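Asks: quick one: sequence plus predicted model below, questions after.
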Amino acid sequence: MESPEEITYQLHARQGEVLLSPANEILYGGAAGGGKSHLMRILAILCCMYVPGLQVYLFRRYSADLIQNHFNGPTGFPELLAPFIDADYCKITYSPNAEIRFWNGSKILACHCQHEKDVERFRGAEMHLLLIDELTLLSEYIYRYLRGRCRVSDRLVIPDKLKAAYPGIRFPKIVCGTNPTGPGHNWVKSTFVDPAKPGVIWRAPKEEGGLLRQFIPARLADNPSLNEEEYMATLQGLGPSWLVKAMAEGNWNVKAGGAFDDLWNEDTHTMPKFKIPETWYVDRTFDWGTTKPWGCLYFAESDGSDAIMPDGTEIPTIRGDIFVIDELYGCSGKADTGTGEVPKEVAEKIKARDKELQLDVHDGAADSAIFGDQWGRGHTIARSFADNGVYWRHADKSPGSRKNGLVTIRERLKNTLIREHEPGLFVFDHCRHFLRTVPSLQYAQNGDEDVDTTQEDHLYDCLRYRLNSKIHSEATSDTFL
């Protein structure tokens, strides 16, 4: 092979839209079988072949999936690059991580980012082309961080030949591929799918990175290299009908395996704020966070007396009905990011809200982690709260408590729908962070009977602590330390 430019690759028409698009933040995908992974490999190779010194970062959540999907099989990198490798135009290494180096100084780095803390490995990276496979498996925080590493210097030159073939190509460029469903379904949908019609290019606001953003849907029918009938047959074996529908149609509006999708009804479970009767029991629960948000939920438990709505309408309640009546949420404004406040600052906010409510607010349960004294120094987060006049009980963190909590919440939501004799769960409609985060939580991906804990589940935990708690037992101040 005299020149690497002699190598050509074939893409189908929908994949070609990505190469021709002037957008530099693209979501490509939808249905399974749309050719997402193959497109990323070809795009990475093409750009490295033409642009000397290009830095391409290819991400998946798990390292094993990265190798399996992109380096094994007849269309993996080794097979696609075989002529280059034979002619010494590139070399693939696998230790410590998979990496492809080209003769012109360009390289493809295969990276995984399983946990949010893993992003720190890329703090100093300069990513010219960022490719993320299965974006909905990552948190919004991880995506935002990686997007913030996308930058180019004046030394990166796009050759005229590449500009002529693909006039829209520019760097930095981000291309993500994914299907609906997964723990990141909701944030990906709200970021790429909902704001504009498919194919429309629009500029994201500065606080969202300010790039030209585009959603290019891909369906099984767009990939002529697959036998559609045979592939559909394999999709039917996925199991739940919602999952088959999402994967087969690329439908982002399908119920995506949410833990409460089959029960949550905003019209039924939410209601306007009303005056809490003096005979109802009121308390609060707490979930601590510093880099992650902290959360405090306020609850009112009915004694069976009627609730008086703002318009004077009397609404019957069932003894034991739980109402989420208020919230405090220590979020910086960025997704799932805390405020860095210390216990004293949080305690002052809680005391102020207790006073504003003008109710007899009882001390409720908090994450047992705040009671831990790792170094044996006798000082804990709970002690700091107590020193500032706010007390907490130990939340139930016994084996099975997470599963029991999820089941109890689901039972409460169902009781609200049927309204027979068992107490339900209601939420005041001004509790916007609760309504933003809790109803959309997804099940754990490992099949465990729990929500996916990589999501923004802090107010969910507050709810779980409350419903798992015994609330009317006698206690002294020592109970809270």
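Replies: Perfect, thanks for sending it.
Asks: please save the CA atoms from the helix or strand hosting residue 46 in PDB.
Replies: In the assignment (DSSP states H and E), residue 46 maps to helix 36-50. Presented in PDB, the C-alpha positions along helix 36-50 are these (Å, rounded to 0.1, in the frame of the first residue of the first chain):
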ATOM      1  CA  LYS A  36     -23.900   3.600  15.700                       C
ATOM      2  CA  SER A  37     -20.800   1.800  16.800                       C
ATOM      3  CA  HIS A  38     -19.600   1.100  13.200                       C
ATOM      4  CA  LEU A  39     -20.100   4.800  12.400                       C
ATOM      5  CA  MET A  40     -17.900   5.800  15.300                       C
ATOM      6  CA  ARG A  41     -15.000   3.600  14.200                       C
ATOM      7  CA  ILE A  42     -15.100   4.800  10.600                       C
ATOM      8  CA  LEU A  43     -15.300   8.400  11.700                       C
ATOM      9  CA  ALA A  44     -12.400   8.000  14.000                       C
ATOM     10  CA  ILE A  45     -10.200   6.300  11.400                       C
ATOM     11  CA  LEU A  46     -11.200   8.800   8.700                       C
ATOM     12  CA  CYS A  47     -10.400  11.800  10.700                       C
ATOM     13  CA  CYS A  48      -7.100  10.400  12.000                       C
ATOM     14  CA  MET A  49      -6.100   9.500   8.500                       C
ATOM     15  CA  TYR A  50      -6.500  13.000   7.200                       C
END
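Asks: mean confidence for it?
Replies: Looking at helix 36-50 alone, the average pLDDT works out to 92.
Asks: what's the next secondary structure element after that helix?
Replies: Using DSSP H and E, the next helix or strand after helix 36-50 towards the C-terminus is strand 55-60.
Asks: show me what the very next helix or strand once past that following strand is packed against.
Replies: Toward the C-terminal end, the helix or strand that comes next after strand 55-60 (DSSP H and E) is helix 63-70. The criterion is 3 or more Cβ pairs under 8 Å, 6 or more residues apart in numbering; DSSP states H and E, and the helices and strands that helix 63-70 contacts are helix 36-50, strand 55-60, strand 107-112, strand 129-133. Where C-beta positions appear, they are placed from N, C-alpha and C, glycine not excepted.
Asks: let's go with 10 Å and repeat that
Replies: helix 36-50, strand 55-60, helix 77-80, strand 107-112, strand 129-133 (3 or more Cβ pairs under 10 Å, 6 or more residues apart in numbering; DSSP states H and E).
Asks: angle of it against strand 107-112?
Replies: With axes from the mean of the first three to the mean of the last three Cα atoms, to 10 degrees as the criterion, the two stretches helix 63-70 and strand 107-112 enclose an angle of 130 degrees.
Asks: list the buried ones in helix 63-70?
Replies: With burial defined by 16 or more other Cβ atoms under 10 Å, the residues of helix 63-70 counted as buried are 66-67, 69-70.
Asks: for it, C-alpha coordinates in PDB please.
Replies: In PDB, the C-alpha atoms belonging to helix 63-70 read as follows (Å, rounded to 0.1, in the frame of the first residue of the first chain):
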ATOM      1  CA  SER A  63     -13.900  -1.400  29.700                       C
ATOM      2  CA  ALA A  64     -15.000  -4.900  28.800                       C
ATOM      3  CA  ASP A  65     -17.800  -3.600  26.500                       C
ATOM      4  CA  LEU A  66     -15.400  -1.200  24.900                       C
ATOM      5  CA  ILE A  67     -13.100  -4.100  23.800                       C
ATOM      6  CA  GLN A  68     -16.000  -6.400  22.900                       C
ATOM      7  CA  ASN A  69     -17.900  -3.900  20.800                       C
ATOM      8  CA  HIS A  70     -15.000  -2.000  19.100                       C
END
